[in-house]
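Visitor: Prediction below, plus the sequence it came from.
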Amino acid sequence: MTLPAPIETYFTAEAPQEGPRFAAAFAPEAIVHDEGKSHRGPAEIEAWWKAAKAKYRHRAEPLEVTEARGKTVVRARVSGHFPGSPAMLTFTFGLSGDRITDLRIGG
């Protein structure tokens, strides 16, 4: 499966050491919606990602990629230290050029 470069970075960056590479995949005005909260801009998104990685120690394995309404939708198996692990989650990415502009993560 071939993922667009910024989405590949999203799934392969290692926390916390690759935080700058992870943050660089996001556009300056990017927004992430996860667990009922919104995170705006690369710095805030990087902080959210590092905190989630530390809390859940999770890995996401992309299994399927589709396009829907101008978005790139990735279904992934997420496993880690949380109830219900592993879980199938949907990652809906908006892209502009080589950057992620928005991301919504859901079950």
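Guide: Sure, I can see it. Residues are numbered from 1 along each chain as shown.

Visitor: from here on, contacts and neighbour counts on C-alpha atoms
Guide: Will do.

Visitor: In stretch 40-53, which residues are buried?
Guide: For stretch 40-53, the neighbour count (16 or more other C-alpha atoms under 10 Å) marks Arg40, Gly41, Pro42, Ala43, Glu44, Ile45, Glu46, Trp48, Trp49, Lys50, Lys53 as buried.

Visitor: Could you check how far Ala5 is from Thr92?
Guide: Ala5 is 15 Å from Thr92, where distance means C-alpha to C-alpha, to the nearest Å.

Visitor: More neighbours: which of the two?
Guide: Ranked by neighbour count (other C-alpha atoms under 10 Å), Ala5 and Thr92 place Thr92 first, with 22 against 13.

Visitor: Dig out what that one forms beta bridges with.
Guide: According to DSSP bridges, the partner residues bridging Thr92 are Val73, Arg104.

Visitor: Now do the contacts for Ala54.
Guide: With contact set as C-alpha atoms under 8 Å, 6 or more residues apart in numbering, Ala54 has no partners.

Visitor: Recalculate using a threshold of 10 Å.
Guide: Residues in contact with Ala54, defined by C-alpha atoms under 10 Å, 6 or more residues apart in numbering, are Ala15, Pro16, Trp48, His81.

Visitor: and if you look at Ala51?
Guide: Going by C-alpha under 10 Å, 6+ apart, the list of residues near Ala51 reads Ala15, Pro16, Ile45, Arg57.

Visitor: neighbours around the second one, how many?
Guide: The criterion is other C-alpha under 10 Å. On that basis, Pro16 has 15 neighbouring residues.

Visitor: For the chain, which helix extends over the most residues?
Guide: What stands out as the longest helix in the chain, according to DSSP state H, is helix 41-56.

Visitor: thinking again about what came up before, spell out which two among the contacts of Ala51 are the most distant pair, please.
Guide: Ile45 and Arg57 (16.9 Å; C-alpha to C-alpha).

Visitor: which one of the contacts of Ala51 sits closest to Ile31?
Guide: Nearest member of the contacts of Ala51 to Ile31, counting by C-alpha to C-alpha, is Ile45, at 7.6 Å.
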